Structures are given as C-alpha cells and as structure tokens.
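**Q** A predicted structure for the sequence below; I have some questions about it.
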Amino acid sequence: MAEVDIQQMLPIGTLLKGGEYRVVRYIASGGFGNTYEVEHTRLGKHMALKEFFMRGINLRQGTDVTVSVSDNRMAYQQMKDKFYKEAQRLARLQELHIVEVNDFFEENQTAYYVMRLIEGEALSAVMKRNGKPFTEQQVRPWLSQVLQALKCVHHQGIYHLDLKPGNIMLGDNGHCWLIDFGASKQLSAQESQTLSTSTGFCYTPGYAPSEQVEGSMKRIGPWTDFYALGATLYNLLSNERPPELSDVKYDGERAFRFPETVSADMRRLVLWMMQPDYPRRPQSVEEIEQMLQQPQRQSAQELKESPKAYQPAEELGTPTVLSSSEETVLSGRSDEEESEKNRKALKRVNVYLCISIIFSLYWLGSSIFPVSTHENGSVYRHDFLKILSIYHSVYEVYFLPLFFLGVVVSLILFVIRIRIKKKQG
C-alpha cells in the first residue's frame with residue numbers, strides 16, 4: 001500500500017462550510033479521496049467526511065486542493081463533478097446497509113460529503129487481525145446484507161465498482177455497511193484521453209473483471225459488481241488473494257484454492273459470479289437470491305472432481321442468464337495491452353520520421369543544386385535523387401518552403417517519439 005503523505009491532509013482543527021464542521025482526526029486515504037472524522041460544531045455530533053482528492057493528481061496548498069499538472073485540470077473537474085453528483089444520489093438512498101449521506105458541499109477547490117460515522121471495522125482488517133479465513137456460516141449473513149445494498153443501488157442505476165473486503169464495514173452486532181462507492185471515480189472514454197497519468201477506470205487487481213480493467217464503459221453493469229462480490233467471497237473464505245483475470249480465464253476452477261470446508265453451493269456461486277464473460281455471470285441480485293434458495297446438488301468433493309465444475313451458469317443448474325490491503329488503482333487497459341499499443345505507435349512514428357527526414361533532405365538538395373542541361377537537352381540532378389520532368393523549374397520555387405515544412409514535421413515526430421519512449425519506461 002502506498003505511503004500516505006500527512007502533509008497532503010487537512011490539518012486537525014480545520015473549519016469547513018463556514019465553521020459548521022471541524023476536522024477532529026484523519027482516518028484513511030484511497031486513490032481518490034481522504035476520509036476524516038469531523039465534529040458538527042453546533043450539534044456536537046461526530047461524523048465522517050469524505051474529501052475528493054486524487055493521489056498523484058492533486059496537491060495541497062494550505063487547505064486548497066490544486067492540480068499538479070495543468071493537462072489534468074479538465075479531467076479532474078469532470079471527476080470532481082461526478083463525485084459531487086454521486087453524493088447527491090447516495091443522499092437520496094434509504095438502505096440499512098449503505099452509510100447515509102447527510103450533507104455535501106464544495107470548498108477548497110474540491111468537493112466533500114458528510115456521512116454517519118460508523119463504529120466498526122473493515123472485514124479485511126478483521127481477517128488480518130485474526131490471521132485466518134472466516135467460516136461459511138459467518139460469511140453467509142454478510143453476503144445477504146451486501147446483496148440488499150447492491151439491490152438498492154442497482155435499481156437506482158448506481159454501481160459500486162470497487163467492492164472488496166476493505167469496503168465492507170462490520171459492526172459489533174454483525175451489521176454490515178457497504179462503503180466507498182466508486183462510480184464517481186469513473187471516466188468516460190473521451191475524458192480518459194485527457195488524463196495524463198493514466199486512463200479510464202479505477203479497479204482493485206483481483207476484484208475487477210475484464211470489462212472494468214479494459215475500460216469498456218458500455219459493458220459495465222450489475223454483473224461487474226457481482227464479479228467483485230465473488231472475489232470478495234473467495235478472499236473471505238480462503239484468506240487468499242483472488243486469482244488474476246488471465247488465470248480465471250484459462251485455468252477455470254483450477255485457479256481457485258477453496259478450503260475443504262466450503263460447500264459446493266458456495267463454490268458454485270463464486271465460480272458463477274467470476275465467469276470471465278459477463279453475460280455468463282448473474283445479471284441481477286434476484287438471480288443470485290434464487291440460486292441461494294436452491295438445494296445443494298453436489299458435495300464439495302463431487303464438485304471438485306467434476307469436469308464441468310467451471311462451465312457456463314446454465315450448465316451448473318443456476319438461473320439462466322438472459323442477457324485486505326488491496327489498493328484501488330486507475331487504469332483503462334492492462335499493462336500488456338498498453339505496452340503493445342506503445343510499441344506499435346513507436347514503430348509507426350519511426351517510419352514517419354524516416355520518411356520526413358528523407359524528403360526534407362531531398363527538398364534541401366533540390367533548392368541548393370540547380371537543374372543542369374546537357375548539350376543534347378537531357379536533364380539530370382547533381383544530388384542524384386530523382387530525375388524531374390520538363391516542368392521541374394515550375395516546382396523548384398516550392399522546394400525551400402517544403403524543406404522547412406519537413407523540418408517542422410520531423411521535430412514534431414521526434415517529440416512524439418520521446419513521449420512514447422517515456423511511457424515505455
């Protein structure tokens with residue numbers, strides 16, 4: 001996990017919204033925001049405050065939030081607006097397992113929203129402290145509560161997009177809350193092109209399906225959250241990091257190491273949720289609830305030995321589909337895909353640069369060495385590059401301007417080449 005620079009946090013005692021809130025302590029940071037405990041100065045009530053602050057993009061000057069690179073200002077403004085609008089939408093939700101948003105405002109060149117301060121601990125922290133996975137009996141009630149929260153937000157057209165054990169808070173009485181919604185962190189395809197540090201989508205490796213890693217916005221839906229929920233279940237039940245996307249795609253069930261105590265039903269559910277192709281995953285919370293109500297059909301050992309254990313959902317007998325310390329990162333493409341794109345771009349730039357230099361040299365030679373004519377009237381060039389037609393003298397006046405144009409194009413291509421090489425590291 002990246003080290004937090006406390007100098008980039010709001011100082012203790014900072015007053016916000018005209019003195020209505022006072023910062024009591026710093027709680028935590030993610031890739032897209034800082035969380036503080038604040039006191040409502042008139043009510044004397046302690047609450048949680050989320051500040052929009054993009055790591056690697058923003059810097060703090062006093063209490064103001066600034067953008068480190070001017071090229072990122074437009075993308076930052078667009079993402080801040082989404083953060084603010086998402087707070088407005090969350091404030092209208094009434095669900096026991098979603099932390100209620102009580103207030104939202106803009107200040108210090110960024111946006112904030114105020115939530116209920118939860119007395120609890122993230123499931124990832126609990127598991128780390130215990131040093132062992134949870135039992136299925138412990139996990140099933142939490143699963144039911146998370147599904148209720150997802151049902152509520154999905155019906156409002158909101159997707160979490162960063163579901164993981166670190167974003168599920170557990171209270172003393174077994175009550176769960178889903179926190180840190182990531183929908184406001186997402187960029188459209190056009191917006192992602194304006195962000196100089198990275199492109200597109202935030203995700204936590206191991207918990208994000210291919211459509212999220214690749215930045216395919218048109219394929220994002222409830223099934224995207226279900227993939228993350230399946231990875232979360234696997235992590236809670238095994239205390240193992242979820243398998244990588246490529247392992248899930250090519251190795252199927254062999255990519256998972258379920259404890260023998262995990263039932264066949266639960267294994268089947270995790271495998272269904274983590275299908276590589278999103279149409280083969282559950283499409284709604286209701287489909288998952290329907291599966292959970294079905295009786296167990298195979299023992300854990302039979303499921304393990306079955307060659308069809310990792311087949312499409314309909315072959316597993318599930319409803320037919322009609323249509324930790326992990327840190328969230330921002331990326332629109334996998335590293336391999338980005339690297340391959342850079343290699344191809346560099347190859348094209350090198351070709352164009354060579355062509356531009358050759359033609360520039362030719363035009364320079366054409367402007368320096370005149371056309372000579374033999375006694376027999378034949379035409380030739382001292383630079384030996386090309387024989388011109390009888391109209392050569394007409395075009396000759398353009399050679400010097402074309403040379404300077406070629407120099408400009410070559411310089412531009414050279415700068416582009418340097419930037420691509422820097423991206424390649």
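**A** Perfect, thanks for sending it. Numbers count the residues shown, from 1 in each chain.
**Q** can you give me the end-to-end distance of stretch 15-22?
**A** Using Cα to Cα, to the nearest Å, the end-to-end distance of stretch 15-22 comes to 5 Å.
**Q** Need the phi and psi values for residue 22.
**A** Residue 22 adopts backbone torsions of phi -120, psi 130, taken as degrees, to the nearest 10.
**Q** go on, residue 170?
**A** phi -120, psi 120.
**Q** residue ranges for the helices of the chain, please.
**A** Using DSSP state H, the helices of the chain run over 73-91, 123-130, 136-155, 189-192, 210-213, 222-238, 245-251, 264-273, 285-292, 300-305, 335-368, 392-395, 399-423.
**Q** got the contact list for the nearest residue to residue 210 once chain neighbours are set aside?
**A** Spatial nearest neighbour of residue 210, excluding adjacent residues (Cβ to Cβ, 6 or more residues apart in numbering): residue 245 at 5.9 Å. Glycine gets a C-beta too; all of them are placed from N, C-alpha and C. By Cβ atoms under 8 Å, 6 or more residues apart in numbering, the residues touching residue 245 are 208, 209, 210, 213, 276, 334.
**Q** and if we set it to 10 Å?
**A** When contacts are counted by Cβ atoms under 10 Å, 6 or more residues apart in numbering, residue 245 touches 205-206, 208-210, 212-214, 227, 255, 274, 276, 334.
**Q** who wins for proximity to residue 67 among the helices of the chain?
**A** Nearest to residue 67 among the helices of the chain is helix 73-91 (4.9 Å), distances taken as Cβ to Cβ.
**Q** ok and that closest one relative to helix 136-155, angle-wise?
**A** When axes from the mean of the first three to the mean of the last three Cα atoms, to 10 degrees is applied, the directions of helix 73-91 and helix 136-155 differ by 110 degrees.
**Q** From residue 212, how far out is the residue nearest the centre of the chain?
**A** Centroid-nearest residue in the chain: residue 202, 1.7 Å away (criterion: Cα atoms, centre = their mean). Separation of residue 202 from residue 212 (Cβ to Cβ, to the nearest Å): 9 Å.
**Q** what does residue 230 give?
**A** For residue 230, the distance to residue 212 (Cβ to Cβ) stands at 14 Å.
**Q** out of those two, which sits in the busier spot?
**A** Counted by other Cβ atoms under 10 Å, residue 230 and residue 212 do not tie: residue 212 has more neighbours, with 30 against 25.
**Q** hang on, the residue nearest to the centre of the chain packs against residue 208?
**A** Yes - using Cβ atoms under 10 Å, residue 202 is in contact with residue 208, at 8.6 Å.
**Q** Rebuild the helices of the chain as a markdown table, extending it with distance to residue 46.
**A** Output for the helices of the chain, formatted as a markdown table (distance: least, Cβ to Cβ, whole Å):
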| stretch | distance to residue 46 |
| --- | --- |
| helix 73-91 | 19 |
| helix 123-130 | 20 |
| helix 136-155 | 23 |
| helix 189-192 | 36 |
| helix 210-213 | 35 |
| helix 222-238 | 29 |
| helix 245-251 | 41 |
| helix 264-273 | 37 |
| helix 285-292 | 33 |
| helix 300-305 | 46 |
| helix 335-368 | 42 |
| helix 392-395 | 80 |
| helix 399-423 | 45 |
